[in-house]
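1. sequence unknown, structure follows:
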């Protein structure tokens, strides 16, 4: 058992390393020596090379037939945390006004946390030393983290949660004053209905033409109409919202990648004419993700819903033609959706995880990469397994994943825009929603995480003697909103900005350091 001083030091030390590394990214961005194009390149390297290498090199030696059962609780806890976050954000939305162009984004902000560089960095540092068992526990911890990352990728992209962000930028514009007034009327109706249940019969008479709910209904209809457009008009396999009039030379340029941990900058290679978000068109495009924090290279649906993409064909305005036969459209749409799902699942991070698990569980295959007792596979001349050089390369490359991700995270934080005008600037913002989401996400969720994990441990779902599993499940409850959402918002906005999201992230990342230290100290004391 560690004393209080030791617990605090063990809990703070990983955050010091995190701050120093992210601080370098912040500093070089502010000094204008780490431009968006460089951050984009770093994000591509993190997604396509370093993160898959890290996952492969940690999962293969860590998992075996004895501990593979831990995968079920990990996936269950990851999904449960997302569901709780979504419900929490929805409740906040019912009682506090939210900017119209963030009315669905707040749901994503509540449900999808930063499952990339931050937890990987802290957990790797903690499990490498006492009270854990050094390298073996460190490998196992990163392997457990991969389950959370995999759930993040699958639910946000193939399952379509990112479309909530796109829905924010459809329909007519609504000013902040109108949104405030709509929420005031809504609270008034709720209060009257609570105090006088019979007043429910006359709720309709209290509605105002400023009511935000009416606007939301129009937006939903707009999205539905876009989904009915013929898929073949969208051309190409990658669909994303772009601003009409973008320079064609830029559109011919190469590949995009979007994530391991996250970023905050969208790179536009040339001048463009910015149109109203309400008129954003869905056409083939390419967008780059500068920072890794669980980012994902995702090709998109043939529906008019835009998604994060990898290539950029030429942009053209969609022509207006008669709709094809509905059954044919439906068949093409389903085929395109299935193809998109497969491409998303087979992105480099997901593919590395899917390959590593079978190799880890099939002993003859595992023996090709790492030493295994009573292995039937003959060793190479140096006494190592025949394919040990692949593991060496994966470990060497994967070691760059976390530092690179943290540098890009610091760069993303440096690009966030603070409200102008000091306190007066903040007063014009949805302070109630911002503060409640920050408290709920970073302070309340850890409490729920401890209760949930202890309940699952007592119920036998989480093995009581698997200290690494218990710690990882608890730790992932204290993470702030993923900065990947900044990139997605910039893409879908059609203007390259994410002004509303930035002010929701800043308080969360400030509170994170306090919450993370307290939760780490408490969980170590609880487990050991």
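-> Thanks, I have it. The structure displayed is predicted, hence computed values, not measured ones.
2. What's the mean pLDDT across whatever helix or strand residue 18 lives in?
-> Assigned by DSSP states H and E, residue 18 falls within helix 4-30. In this model, helix 4-30 carries a mean pLDDT of 92.
3. Endpoints of stretch 126-146, how far apart?
-> 17 Å (CA to CA, to the nearest Å).
4. Stretch 172-181 now?
-> End-to-end for stretch 172-181, by CA to CA: 17 Å.
5. Give the closest residue to residue 506 in space, chain neighbours not counted.
-> Leaving aside its chain neighbours, residue 506 sits nearest to residue 416 (6.4 Å; criterion: CB to CB, 6 or more residues apart in numbering). In this view, the C-beta of every residue, glycine as well, is placed from N, C-alpha and C.
6. And the strands in this protein?
-> Ranges of strands within the chain are 240-242, 281-283, based on DSSP state E.
7. Now the last one: average pLDDT?
-> So the one you mean is strand 281-283. What strand 281-283 shows for mean pLDDT is 38.
8. For the helix holding residue 18, buried residues please.
-> Using 16 or more other CB atoms under 10 Å as the test for burial, helix 4-30 gives 7, 10-11, 14-15, 17-18, 21-22, 24-26, 28-29.
9. Kindly present the residues you listed as a markdown table, with separate columns for distance to residue 48.
-> Shown next, in a markdown table, are the buried residues of helix 4-30 (distance: CB to CB, whole Å):
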| residue | distance to residue 48 |
| --- | --- |
| 7 | 39 |
| 10 | 34 |
| 11 | 33 |
| 14 | 27 |
| 15 | 28 |
| 17 | 25 |
| 18 | 24 |
| 21 | 21 |
| 22 | 22 |
| 24 | 22 |
| 25 | 19 |
| 26 | 24 |
| 28 | 22 |
| 29 | 22 |
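10. Okay, now the unreliable bits of this protein?
-> 1, 197-328 (pLDDT under 70).
11. relative to helix 4-30, how tilted is the top helix by length along it?
-> Counting residues, the longest helix in the chain under DSSP state H turns out to be helix 499-527. For helix 499-527 against helix 4-30, the angle by axes from the mean of the first three to the mean of the last three CA atoms, to 10 degrees is 160 degrees.
12. ok, residue 407 to residue 23 distance?
-> Distance, residue 407 to residue 23, by CB to CB, to the nearest Å: 9 Å.
13. same question but for residue 404, I mixed them up
-> For residue 404 relative to residue 23 (CB to CB), the value is 15 Å.
14. What of residue 15?
-> Distance from residue 15 to residue 23, by CB to CB: 12 Å.
15. What of residue 450?
-> 30 Å.
16. and if you look at residue 179?
-> Distance, residue 179 to residue 23, by CB to CB: 36 Å.
17. can you check residue 162 too?
-> Distance from residue 162 to residue 23, by CB to CB: 30 Å.
18. What of residue 353?
-> 30 Å.
19. Also residue 527?
-> 30 Å.
20. For the residue nearest to residue 505 when sequence neighbours are not counted, name its beta-bridge partners.
-> Spatial nearest neighbour of residue 505, excluding adjacent residues (CB to CB, 6+ apart): residue 481 at 5.8 Å. On the basis of DSSP bridges, residue 481 is bridged to residue 113.
21. I figured residue 481 hits residue 508, correct?
-> Yes - using CB atoms under 8 Å, residue 481 makes contact with residue 508 at a distance of 5.9 Å.
22. Give the residue from these two that has the larger number of neighbours.
-> residue 481 (28 against 23; other CB atoms under 10 Å).
23. where do the helices sit along the stretch 1-150 of the chain?
-> Here the stretch 1-150 of the chain has its helices, by DSSP state H, counting those that start in this stretch, at 4-30, 36-45, 51-62, 71-95, 105-111, 117-127, 135-156.
24. Could you single out the nearest of the buried residues of helix 4-30 to residue 175?
-> residue 29 (32.3 Å; CB to CB).
25. The closest one and residue 409 touch, don't they?
-> No - judged on CB under 8 Å, residue 29 makes no contact with residue 409 at a distance of 10.7 Å.
26. Phi and psi next, for the residue of the chain positioned farthest from its centre.
-> Ranking residues of the chain by C-alpha distance from their mean position (CA atoms, centre = their mean) puts residue 381 at the top, at 44.4 Å. Torsion angles at residue 381 (phi, psi; degrees, to the nearest 10) stand at phi -60, psi -30.
27. quick revisit: could you pull out the residues contacting both of residue 481 and residue 508?
-> Common contacts of residue 481 and residue 508 (CB atoms under 8 Å, 6 or more residues apart in numbering): residue 441.
28. Can you tell me how far the residue nearest to residue 505 is from residue 336?
-> 30 Å.
29. Please work out how many residues are found near the residue lying closest to residue 358 once chain neighbours are set aside.
-> Take residue 358 and drop its neighbours on the chain: the residue closest to it by CB to CB, 6+ apart is residue 365, 7.3 Å away. Residue 365: 15 surrounding residues under other CB under 10 Å.
30. for residue 464, same thing?
-> 11.
31. tell me the contacts of it?
-> Contacts of residue 464 (CB under 8 Å, 6+ apart): 457, 470.
32. now do the one 3 residues further on
-> If a contact means CB under 8 Å, 6+ apart, then residue 467 has 132, 137, 527-528 as its contacts.
33. which one of those residues sits closest to residue 156?
-> After measuring these against residue 156 - CB to CB - the closest member comes out as residue 137, at 28.8 Å.
34. you'd agree the closest one is up against residue 127?
-> Yes - at 4.4 Å, residue 137 counts as touching residue 127 under the criterion of CB under 8 Å.
35. And the two? Which one has more around it.
-> residue 127 (25 against 20).
36. thinking again about what came up before, roughly how far apart are the residue nearest to residue 505 and residue 170?
-> Applying CB to CB, the value for residue 481 to residue 170 is 22 Å.
37. again, but for residue 3
-> Taken as CB to CB, the span from residue 3 to residue 170 is 56 Å.
38. neighbour count winner among those two?
-> residue 170 (24 against 8).
39. distance of that one from residue 9?
-> Relative to residue 9, residue 170 is positioned 50 Å away (CB to CB).
40. What about residue 157, how many residues nearby?
-> Residues near residue 157, counting by other CB under 10 Å: 29.
41. What separation do you get for it and residue 460?
-> For residue 157, the distance to residue 460 equals 33 Å [CB to CB].
42. With residue 47 instead?
-> Where residue 460 is concerned, residue 47 sits at a distance of 37 Å (CB to CB).
43. So which of the two has more stuff around it?
-> residue 47 (27 against 8).
44. Verify the contact between the more buried one and residue 348 for me.
-> Yes - here residue 47 reaches residue 348: they are 6.2 Å apart, a contact under CB under 8 Å.
45. For residue 423, state which of the buried residues of helix 4-30 is nearest.
-> Nearest to residue 423 out of these is residue 26 (CB to CB; 23.9 Å).
46. Skip the chain neighbours and tell me the closest residue to the closest one.
-> That would be residue 410: by CB to CB, 6+ apart, it lies 3.9 Å from residue 26.
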